[in-house]
Every structure is written in structure tokens, then in C-alpha cells.
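Trainee: fold the following for me, if possible:
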Amino acid sequence: MKNILYTLALLVFFSSFGQTEEIIGDYYPNGAVRWKGNYDVNGKAQGKNTWYYKSGAVKSIRNFVDNVQQGQWIFYYESGAVKSISNYVDDREHGESIEYYESGEIKEIGKYKEGYIIKEIEYYENGEIKEIRNYKNGWLIEN
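Mentor: Below is the predicted model:
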């Protein structure tokens, strides 16, 4: 009997290990979901976390591992067009970040390293370069 109880206790413990549950975090006054995300049994964000406009359209999606932002953070216009895509490593922006006009044309490209901006290239909607800015340790360098 003791072996059966011990085995059942182990099964319950290990079956909850690593599992996540989707939680709806908040609502708009109109009843629409404001955001929802996945959390483990310790309350840490794990996986996809989604924010919404009042209309119900997706506003942004980001990913977490043990409550730390990892991977892409994507923002959308209410129309559904992609507004921006940024990459995160250990809660810090890293790599290329691209912002778009609602038409889909590139508005700005930023280069990041460990949370610091290195370079930004801003574009007019017709694709011509508007401005290039360089940074050192996150501070704008005079051109």
C-alpha cells in the first residue's frame, strides 16, 4: 500500500513539472481580452504572451522562458499588418529590429547588441533613406 501511495505521489509531482497554464490577465471595459499568457506552476511566464486591441485584433506577441523575454517581439497595427519585429536575448534587445509603415514598407531598421542601440537607418515610405544614426554604448554619435 505504501508503494502505491508513493508511486501516486511521484506521478502527481512529475505530471505537474514543466506544465504551463494559459491565464487571461486583463479585460477591456467592453469585455474583450486585453492580454493573456502562459505561466508555470511557480507563476513564471513561459512561452507566448499576447496583447490585444479593444477590437480583439492582436496587438503584440512575445515569448518568455522562465519569466525572461527571449526571441521575437512582434507588434501589429490594428489592421493586422506587422508594425515591428524585435529580437530579444535574456530580456535585452539584440540583433536586428525592423519597424514598418502600415503599407508594409520599411520605416526603420535598428541594430542592437546586448540591449544597446548601435545603428538606426530611417526610411521614407517610398524606400529612400531619410537618416542614418550611429551609436556607441547607446549614445548617439555626432555625424
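Trainee: tell me the secondary structure for the residue nearest the centre of the chain?
Mentor: Nearest residue to the geometric centre of the chain (C-alpha atoms, centre = their mean): Arg62, 2.1 Å. At Arg62 the chain is in strand, as set by DSSP: H, G, I helix; E, B strand; the rest coil.
Trainee: the residue nearest to it when sequence neighbours are not counted: how many residues sit nearby?
Mentor: Leaving aside its chain neighbours, Arg62 sits nearest to Trp73 (4.1 Å; criterion: C-beta to C-beta, 6 or more residues apart in numbering). C-beta: built from backbone N, CA, C; applies to glycine. Close neighbours of Trp73, defined as other C-beta atoms under 10 Å, add up to 18.
Trainee: run through the bridge partners of Trp73.
Mentor: Arg62, Ser86 (DSSP bridges).
Trainee: tell me how far it lies from Ile106.
Mentor: 17 Å (C-beta to C-beta, to the nearest Å).
Trainee: per-residue pLDDT, Leu8?
Mentor: With respect to pLDDT, Leu8 scores 32.
Trainee: ok, now the one 4 residues further on?
Mentor: Looking at Val12, its pLDDT reads 35.
Trainee: and for Ala45?
Mentor: 92.
Trainee: just Glu131 next, same as before
Mentor: pLDDT at Glu131 comes out at 96.
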